[in-house]
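# this is a predicted model, with the sequence first.
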Amino acid sequence: MKHSIHLSRSLSGLLLIIAVALSSCNTSKYVYLKDLEPNLPQPITQTHQTHIKSGDRLDIHVTCSKRELALPFNNLTYSVSADGSATASEAAAPKGYLVDNDGYIEFPTLGRLHLAGLPLPQASDYIKGLLVEGRHIPDAIVETSINNFTIYGLGALAPGKLVIPSGEINILQAVAQMGDLQNRANINKVRVIREEDGQRVEYDINMQSVELYNSPAFFLQQNDIVYAEPRKRTNQAFNTSSTVISIIAVLASLAYSLTYMFR
């Protein structure tokens, strides 16, 4: 009886060791920023501003103390009542101003404006200056955003797209919003595909290294494609795990049988 109990405990301990080893092997591959030192601040070496590109659809919102003066610049349908007050139509949602291939938009009254290449705050200041200097609105306030700022996900993460109204997102935030990397993903090689200056550029990011903070692709840009590359030999890894699980099952069955025989 004592022998069977001892044998059962030994086998149980062996099963526990194998299970822990298997678990550690599987999870250690998916640690983000593995070389990050705890309690050691990381210097911010780059700042980011979203720049306007051709193909962007801009939402340019103009406000001022006299609401009637701003209405013609907000791309809305509006009506004027008998007492002279103006009301914007709620049913006419603004579609935004499309930046053409030459980097221009057509803006009410001000005409053709070149905005491509400008950061969003600078574009707002530029339009504000034209409104004030042209004596259209003396106290104009302008806010500019990109309506179609979109990030696309492919590969070993949840495929789909993210629309980012703020126009500000980094690779870690994007992966989190896409549902995290799948178990089959190569965490050392997440690729960002980007269009720059008329050509496509690819950046590889190691999600386990703090060096990702210094990557040109840490801050994502509009229409970036985030591709999580699957690990090689996925089938082999799956077969190895299946083999270990089968061994554990056999040992468990053996432990049960021996315990039953010697009691």
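On my side now, so go ahead. Residues are numbered from 1 along each chain as shown.
# state the distance from D56 to L98.
8 Å (C-beta to C-beta, to the nearest Å). From N, CA and C alone the C-beta is placed, and that goes for glycine too.
# okay, strands next: where are they in the stretch 151-263 of the chain?
160-163, 185-196, 199-205, 225-230 (DSSP state E, counting those that start in this stretch).
# count the residues that sit near the closest residue to Y203 other than its chain neighbours.
Using C-beta to C-beta, 6 or more residues apart in numbering and skipping residues adjacent in sequence, the residue nearest Y203 is A217, 3.7 Å away. Residues near A217, counting by other C-beta atoms under 10 Å, number 21.
# returning to that earlier point: quick check on D56 and L98: which one has the bigger neighbour count.
D56 (25 against 15).
# the more buried one against G167, yeah?
No: with contact defined as C-beta atoms under 8 Å, D56 does not reach G167; the gap is 9.4 Å.
# which neighbours do these two share?
146, 149, 222 (C-beta atoms under 8 Å, 6 or more residues apart in numbering).
# show the contacting residues for the nearest residue to the last one once chain neighbours are set aside.
In space, Q222 comes closest to F149 once its chain neighbours are excluded; the distance is 4.6 Å by C-beta to C-beta, 6+ apart. By C-beta under 8 Å, 6+ apart, the contact list for F149 reads 50, 56, 163-167, 222.
# where do the helices of the stretch 51-200 of the chain begin and end?
Secondary structure of the stretch 51-200 of the chain (DSSP state H, counting those that start in this stretch): helices at 67-70, 120-133, 171-177.
# format those as TSV; extra columns: mean neighbour count and mean pLDDT.
Below are the helices of the stretch 51-200 of the chain laid out as TSV (neighbours: other C-beta atoms under 10 Å; pLDDT from 0 to 100):
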stretch	mean neighbour count	mean pLDDT
helix 67-70	17	90
helix 120-133	17	97
helix 171-177	17	94
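# the ones you listed: which one's closest to Y32?
Comparing the helices of the stretch 51-200 of the chain by their distance to Y32 (C-beta to C-beta), the top pick is helix 171-177, with 7.5 Å.
# show me what the closest one is packed up against.
strand 185-196, strand 225-230 (3 or more C-beta pairs under 8 Å, 6 or more residues apart in numbering; DSSP states H and E).
# nearest to F73, of these?
Closest approach to F73 among those (C-beta to C-beta): strand 185-196, 30.5 Å.
# partners of the closest one in the sheet?
strand 199-205 (antiparallel), strand 225-230 (antiparallel) (DSSP bridges).
# which of these is buried the deepest?
Mean neighbour count (mean count of other C-beta atoms under 10 Å) peaks for strand 225-230 among those, with a mean of 19.
# which other residues reach that one?
For strand 225-230, contacts defined as C-beta under 8 Å, 6+ apart pick out 151-157, 171, 174-175, 178, 181-182, 184-186, 189-194, 220.
# swap in stretch 33-45?
207-210, 212-214.
# mind listing the strands for the stretch 1-150 of the chain?
57-63, 78-80, 86-88, 97-98, 104-107, 111-114, 141-146, 150-155.
# now those as a markdown table including mean pLDDT?
Listed next are the strands of the stretch 1-150 of the chain as a markdown table, based on pLDDT from 0 to 100:
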| stretch | mean pLDDT |
| --- | --- |
| strand 57-63 | 95 |
| strand 78-80 | 53 |
| strand 86-88 | 54 |
| strand 97-98 | 94 |
| strand 104-107 | 96 |
| strand 111-114 | 96 |
| strand 141-146 | 95 |
| strand 150-155 | 94 |
